[in-house]
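*Asks:* Here is my input, please return the structure:
(chains A, B, C and D)
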Amino acid sequence: MELLIKNGSVYDPSNGIKGDKTDISIKDGKIVEKVSSNASVIDAGGRLVMPGGVDAHSHIAGAKVNMGRIMRPEDTRAGIKPRTKITRPCTGYTVPNVYAMGYRYAQMGYTTVFEAAQAIMKARHTHEELEEIPIIDKGALTLFGSNWPTMDFVREKNMDKLAAYVAWGLLASRGFGIKCVNPGGGEMWGFGKNVTGLDDVVPNFDVTPKDIIVSLMKVNEMLGLPHSVHLHCNNLGKPGNYKTTLASMELAKQVKPSKDRQVLHVTHVTFNCWGGTNWGDFESKADEIANYLNNSENITTDMGQLIFGSATTMTADGPVQYANAKLLHAKWANGDVELEDASGVVPIFYAKQVSIHAIMWAMGLELALLTKDPYKVLLTTDHPNGGPFVNYPEVIALLMSNKKRQEEIKTLHEAVHKRTKIPGIERELDFNDIAIMTRAGHAKVLGLLDTKGHLGVGADADIAIYDIKPDQIDPSVEHAKIKSAFQSAAYTIKGGEVVVKDGQITATPMGRTYWVDASVPDEHTEIMMKDIRMKFKNYYSINLANYMVQDEYLTHPKVVRAGVIPAEVS
Amino acid sequence: MTLKVTLITGRTINQGATIENKTSSDYMEATACCELNSKDVALLGKPGANVRVKTKHGEVVVKLKENNGNPDGLAFIPMGPWANAVVDPDTKGCGMPGFKGIPAEIEVTNDKILLMKELIARYK
Amino acid sequence: MQTVTLKPIKEIKISVEAENISPDKFAGKTEKDIQSLEAWMGNQKTTLGELFSVKAEGSGAAADTKIVMDGNFSRIKRIGEGMTAGLIIIKGNVDMHLGAKMSGGKISVTGNVDSWAGREMKGGELIIEGNAGYYLGAGYRGETCGMRGGKITVLGNALDFLGEHMCGGEIIVKGNAGILPGLSNNGGKIVIEGNTSRPGSEMSKGTIIINGLVDEMMPVFKAEGTEAVDGVTYRKYTGDVIVNGKGVLYLK
Amino acid sequence: MAVITDALCPFCGCVCDDLTIVTENNKITEVKHACKLGAAKIMGHHRIKAPMMRKDKHSEFKEVSYEEAINEAARILSNSKRPLLYGWASAVCEVHKKGILLAEELGAIIDNTATVCHAPSTLAVHEKGLPSATLGQIKNRADVIVFWGSNPVHAHPRHMGRYSVFAKGLFSEKGRKGRKVIVLDVRKTETANMADEFVQLEQGSDYLVVSALRAILSGHADVVPESVGGVSKDALLKLVDTLKTGKFVGIFFGMGLTQSKSRYKNIDNAISLVTELNAFTKCVITPMRGHYNVTGFGNVCAWETGFATAVDFSRGAPYYNPGETAANDVLIRKETDAAMIIAGDAGAHFPADSVRHLARIPIIQIDPYWNATTEVANVVIPVAICGVEVEGTAYRMDGVSLRMRKMIEPTHPPDTEILEKITERVKVLRGE
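*Replies:* The predicted model follows:
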């Protein structure tokens, strides 16, 4: 199969292409130097061409996503669409069904999405859902931050065992990388408590969140995993938590990256750049985070942008969800996973006239606009925590147009003026910035820039064409057009196949599931497994033989190899 | 003598152990019965007697059994076709019929207990 | 002024979803237009004309549209759903979701209505001369708000969960009500002339007046002595204390 | 002789995964570690040999080929205006996926056995959520365990040993001795006999008792009368104190709550009690699910349709409203005009009125065993036993997904194959 995209106005940041009229040749699902004259041709007619969108942090599959669906029939009915000849029925707004998940991402020109948190013990469920999300490539990050083996090995200061455990845990869960959520807090939530900072000691395990974060960063680099540690900071959801976030970022200095990427990705900053001491003096400290990012080299973040309207908060941070439910008098699902982590799901409605929400809306934007390098701030909504992913085009429009921001600010609670810097920020991002924040940056942060997030030869032929002519539009003024163009791609091409045309699904191939197979010396695994076997014998409620995710749950696997880097290299 | 009771239905281990073997006499023995405490049983007769259980929704003949965990006036029939002959079909706006808390009358009878096949045949 | 008369022309066993029977949908349409409006019987798409004889006289906006339904409609769901104005007069029984989400106009029924009548109703009036089913004036699964405004009057009885999650409006039941009326009442007014049981659980706001007997009282109300309402003396209770509720329950 | 270790039990929601199965010549000769329920199922019962059909409900069945039975099933279903596809709980998730696709194709209602079991719990989850935990969390931490309207000695025989009452873990090394066990029920069950405290309720009064506990917990003991639902105020005060002072409270509930007066509102109320207890201690609540994979159906149905059960596809898009779209709702209203009953026995477990309607309409049964549904069926298609002869996914009562093992080679085709063929045939009949 050959395809040629002609006359596109191409934005391909990692190859330095900024709006040049470049042709893209595709053969057998990859981008190639050139194609034969038999290739079918898409004439982009000067329209915007970008690599397929990549999302490094979204909640698209697994136990908590499904709990969101089960507890929210009122959300399910909000997005109903009957089946068609090509598509299965779609449901939901904040918690779409598996089909809507794939179709709606594809309709926005996205082709790769990573689920941000799975407990190993519930990974089989995650993969069952990933297996049914059509079109997009996907993967899932695995939780390690409160696992008993993690804390035991951290306390023993045995990085070989910890590395072996991480490698084994990724295999067991078919996971892509290390997710660390409120480290130590998940364990403490087992008895209804929480850690309050990086130096609290987790009872019975005698480690601190700081120890856990640093150790996980070390083994992440020992293993040379494609992605870095992906951190949801302690104290999330508490006013004043920006200090914890900055202190967590500071820890990254202790570890050298094993490859050309960050050593720490701090996620959904909207929820952890909070100033003030209570809800009364609550304010944005996104500027402080941006300032830190501007002066450091090995940390990346994502926005977790807030979208007004309905959202469903879901996270492995169990205690924060209990606090949310109590504060909002909302329904609450909790999902502790034995020996591993916690989780919670709580619906929320973000209202423009609620001061906290207005301030939070500003935080993600401030972070993105005050941080100079767009590779350091990825565009996310922490779907569906800040709001559903279908609102990315709204965020793009806000980032590209100060006019739109000012119009929006007029409709918000006045706190947005006093407690945030957003009204005075004039910066407007360009298409290159947006391409980084929605594609190249994500791919780089995930360590997948070889095949994802760019349009160079050898890349996967995942491409989006939008109905915008970059040289004929002023995004600052015509922000509504920007938004609608990004909502509904003129073409989405996935693995060389046209899957969306004029915003409509035209084909529903199955994407691949990425996971990382990391090698460690056998003797490390053997020693580590002694502990693991003991834990299964005494503590787990299932047997070790039934724990690992079987091959049957990855019908289209894409294995990324990694492993312990020999001492002389590291 | 007719005993007025509140009827509940539910699982038992023998009902469960024979659930995939519904044509067997074991299943019938496990489920075609009605448990009352010994005081209530004595009001009617003896354990092992056939009793007719009647509700607004139907009637069924089952074997009388003793279970002293039951308070006075509470009858228990293991879930299954015999119990379901007399439960309340109303789903109360939420899809769930009334399998528990049904006012019922129980009396001893000489009628025989129908086999599962015969019981279902009544519905045809 | 437009008057549309619908009469059943066949016995209907499988429920029909007929949200198109509404003054908003009929307004300004010809008899033929109305006959061709879509309805669903089970998984079969059909039309109003296939199911009913349709007679239309005059023409007018929704507010000037009167729909007269004469006969047995006990398998016709969603009549008057979302209507904003006009009048529906039903001489007979109807199925579920009558007047769901309606925000204006008036529906009156001489017979019985099945469950979810007035679901998520925002305004207008619903008069039921017979009995109502479950969840009268309630919400949809998982929503925090049921009825928000308008008025429902039932001359007969209503079943369980009436006014569940009510956030506003008024429900009057002349007969008895099933269990748990006014559950999670958050600002509506409910009057039950007959008997009921377990009223007002989890109510945070609103008023429930019961003139008949209360079979079982929820153990969550504070007795506040007596108070006269429209000249009648009631025992007054406030609660639900669990949710720090400011709801008021008046019992005779 | 072959020995399979770490085998999973396809009976109840405990899905015990520590069974040892001994087989010889493709026959199971021994089941170790299983309870009476699991062992009985795995050892096997009399099976339906071959597909069968009959002219009408009164005539005798005749054996037919699979093809014939499948074609007839497809014909019945594709002619139906209000088909119901019911059962599913005794099958693996792979079967559920095929079933939902068939329901979409037909514009059918698909509902599962939870409709007479824990579907009300799902309705309560819509209202209040579900503060829960995996069973190992209970095993390792719980010092107070409550069974409310559930009788695990009979329905989940190994629950207490593996996960709750007797289980030892990191913070519960004393097992039973370190735990307080409370049973609330209307009768003194065998489970109640093992409890430290038995609170006997009047039948149907659970809702009132939960509210009284919540009132006391929220500091309003003054409004609670001297006795609620047959329980003295002193006993209620004591119970609240026990719950509040536990370090980790695990509450398990059964059909005593889902099926009694107030139905799902009992659970709705109990979930609020659990949420409110978390202001004092850690407390979680878990439904005692019956069939080994009834939880799996709810999960598959939720991720595929957005709704956990009772989904009506008649208009092409999922619609959900138990009370309107659940199996018994449409059967009692006599709306259903054809039904497929698979991996569940509506004939035995539905009220007489529903079965009476099933006896009037064409019924297709897909099941390994002859049961009460067979008695009203027109077409019977025997299949392999999931979890014994077919591997696949099941979800334990706490939502942990597990892969059921194949113990012996099947003698019949799997449900998935039958459903695929029916779906293909339906498409042909509809000219797709």
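*Asks:* switch to C-alpha atoms for all contacts and neighbour counts from now on
*Replies:* Fine.
*Asks:* Near chain D, which residues of chain C? Just list them.
*Replies:* C:13-15, C:40-44, C:141-144, C:179-180, C:218-223, C:241-242 (Cα under 8 Å from any Cα of the partner chain).
*Asks:* Let's see which of those end up in strands.
*Replies:* C:40-41, C:44, C:221-223 (DSSP state E).
*Asks:* List buried residues within those.
*Replies:* C:40-41, C:221-222 (16 or more other Cα atoms under 10 Å in any protein chain shown).
*Asks:* Identify the residues contacting the residue nearest the centre of chain B.
*Replies:* Chain B has B:Ile77 as the residue nearest its centroid, 3.5 Å off, counting by Cα atoms, centre = their mean. By Cα atoms under 8 Å, 6 or more residues apart in numbering or on different chains, the contact list for B:Ile77 reads B:7-10, B:31-35, B:83.
*Asks:* can we see that at 7 Å?
*Replies:* For B:Ile77, the contact set (Cα atoms under 7 Å, 6 or more residues apart in numbering or on different chains) comprises B:8-10, B:31, B:33-35, B:83.
*Asks:* State the pLDDT value of residue 162.
*Replies:* Reading this off chain A. Looking at A:Leu162, its pLDDT is 98.
*Asks:* right idea, wrong chain: chain D
*Replies:* With respect to pLDDT, D:Arg162 has a value of 98.
*Asks:* And for the one 10 residues further on?
*Replies:* D:Ser172 is assigned a pLDDT of 97 by the prediction.
*Asks:* Residue numbers of chain D in contact with chain A?
*Replies:* D:6, D:17-18, D:125-137, D:140, D:163, D:169-170, D:247-248, D:281-282, D:299, D:302-308, D:316-317, D:400-402 (Cα under 7 Å from any Cα of the partner chain).
*Asks:* repeat that for 6 Å
*Replies:* Taking Cα under 6 Å from any Cα of the partner chain, the part of chain D that reaches chain A is made up of D:125-126, D:128-134, D:136-137, D:169, D:282, D:303-306, D:308, D:316-317, D:400-401.
*Asks:* Correct me if wrong, but D:Asp241 is in a helix.
*Replies:* Yes - per DSSP: H, G, I helix; E, B strand; the rest coil, D:Asp241 lies within a helix segment.
*Asks:* Would you check how far apart it and chain A are?
*Replies:* 17 Å (Cα to the nearest Cα, to the nearest Å).
*Asks:* What count of nearby residues applies to that residue?
*Replies:* 14 (other Cα atoms under 10 Å in any protein chain shown).
*Asks:* do the same with C:Val243
*Replies:* Neighbours of C:Val243 (other Cα under 10 Å): 17.
*Asks:* mind checking which helix or strand A:Tyr165 is in?
*Replies:* helix A:159-173 (DSSP states H and E).
*Asks:* before we move on, the earlier item: who does the residue nearest to the centre of chain B form a beta bridge with?
*Replies:* For B:Ile77, the beta-bridge partners under DSSP bridges are B:Thr9.
*Asks:* rewinding a little: for ChimeraX, write the selection for the buried entries among the residues of chain C next to chain D.
*Replies:* Applying 16+ other Cα under 10 Å to the residues of chain C next to chain D, the buried members can be selected in ChimeraX as follows:
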select /C:13,14,15,40,41,42,43,141,142,143,144,179,180,218,219,220,221,222,241,242
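*Asks:* Am I right that B:Gln67 is in contact with B:Cys34?
*Replies:* One correction, residue B:67 is Asn, not Gln. No - using Cα atoms under 6 Å, B:Asn67 makes no contact with B:Cys34, being 9.3 Å away.
*Asks:* Give the intersection of the neighbour lists for the two.
*Replies:* By Cα atoms under 6 Å, 6 or more residues apart in numbering or on different chains, B:Asn67 and B:Cys34 have no common neighbours.
*Asks:* Quick check, pLDDT for the residue of the stretch 201-350 of chain D found nearest chain B.
*Replies:* Nearest to chain B in the stretch 201-350 of chain D, going by Cα to the nearest Cα, is D:Gly323, at a distance of 3.9 Å. Here, the pLDDT recorded for D:Gly323 equals 98.
*Asks:* I'd assumed B:Met96 was in contact with it.
*Replies:* No - look at D:Gly323 against B:Met96 with Cα under 6 Å: they stay out of range, at 7.7 Å.
*Asks:* contacting residues around D:Leu236?
*Replies:* No contacts exist for D:Leu236 under Cα under 6 Å, 6+ apart.
*Asks:* Helix or strand next in line after the host helix or strand of it, which one?
*Replies:* Assessed by DSSP H and E, D:Leu236 sits inside helix D:233-245. Going down the chain from helix D:233-245, the next helix or strand is strand D:248-253, by DSSP H and E.
*Asks:* And the closest residue to A:Asp206 other than its chain neighbours, what's its pLDDT?
*Replies:* Distances taken as Cα to Cα, 6 or more residues apart in numbering or on different chains put A:Arg155 closest to A:Asp206, at 6.6 Å, once the chain neighbours are dropped. On the pLDDT scale, A:Arg155 is placed at 98.
*Asks:* before we move on, the earlier item: within its sheet, name the partner strands of the helix or strand that comes right after the helix holding A:Tyr165 and how each one runs.
*Replies:* Next along the chain after helix A:159-173, taking DSSP H and E as the criterion, comes strand A:177-181. With DSSP bridges as the test, strand A:177-181 is paired with strand A:137-143 (parallel), strand A:229-232 (parallel).
*Asks:* CSV please, covering these and showing mean pLDDT.
*Replies:* Output for the strands paired with strand A:177-181, formatted as CSV (pLDDT from 0 to 100):
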stretch, mean pLDDT
strand A:137-143, 98
strand A:229-232, 98
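*Asks:* Export those as CSV, with columns for mean neighbour count and distance to D:Pro351.
*Replies:* Formatted as CSV, those follow (neighbours: other Cα atoms under 10 Å in any protein chain shown; distance: least, Cα to Cα, whole Å):
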stretch, mean neighbour count, distance to D:Pro351
strand A:137-143, 29, 45
strand A:229-232, 27, 51
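*Asks:* Tell me the spacing between the residue of chain B positioned farthest from its centre and chain D.
*Replies:* Centroid-distance maximum for chain B: B:Gly93 at 25.0 Å, with Cα atoms, centre = their mean. Between B:Gly93 and chain D the computed distance is 4 Å (Cα to the nearest Cα).
*Asks:* tell me the contacts of that residue?
*Replies:* C:134, D:323.
*Asks:* so it is in which element?
*Replies:* Judged by DSSP H and E, B:Gly93 forms part of no helix or strand.
*Asks:* And B:Glu105, its phi and psi?
*Replies:* Here is the backbone geometry of B:Glu105 (degrees, to the nearest 10): phi -120, psi 140.
*Asks:* residue of chain C with the smallest distance to chain B?
*Replies:* Here chain C gets closest to chain B at one residue, C:Tyr134, 5.6 Å apart by Cα to the nearest Cα.
*Asks:* Per-residue pLDDT of that residue, please?
*Replies:* 98.
*Asks:* Now that it has come up, it's in contact with C:Gly163, right?
*Replies:* No - taking Cα under 6 Å as the definition, C:Tyr134 is not a contact partner of C:Gly163, at 9.6 Å.
*Asks:* which one of the two has more residues nearby?
*Replies:* Set C:Tyr134 next to C:Gly163 and count neighbours by other Cα under 10 Å: C:Gly163 wins out with 37 against 26.
*Asks:* Can you pull the residues of chain B lying near chain D?
*Replies:* Within reach of chain D by Cα under 6 Å from any Cα, chain B has these residues: B:12-13, B:16-17, B:22, B:69-70, B:80-81, B:84-85, B:89, B:93-96, B:99-100, B:123-124.
*Asks:* Tell me which of the residues you listed fall in strands.
*Replies:* B:Lys100.
*Asks:* Show me which of the residues of chain B next to chain D are buried.
*Replies:* B:12-13, B:16-17, B:22, B:69-70, B:80-81, B:84-85, B:89, B:93-96, B:99-100, B:123.
*Asks:* could I get the strands paired with strand A:177-181 as TSV with distance to A:Leu170?
*Replies:* Listed next are these as TSV, based on distance: least, Cα to Cα, whole Å:
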stretch	distance to A:Leu170
strand A:137-143	7
strand A:229-232	13
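*Asks:* Next up, identify which helix or strand A:Gly192 is on.
*Replies:* Using DSSP H and E, A:Gly192 falls within no helix or strand.
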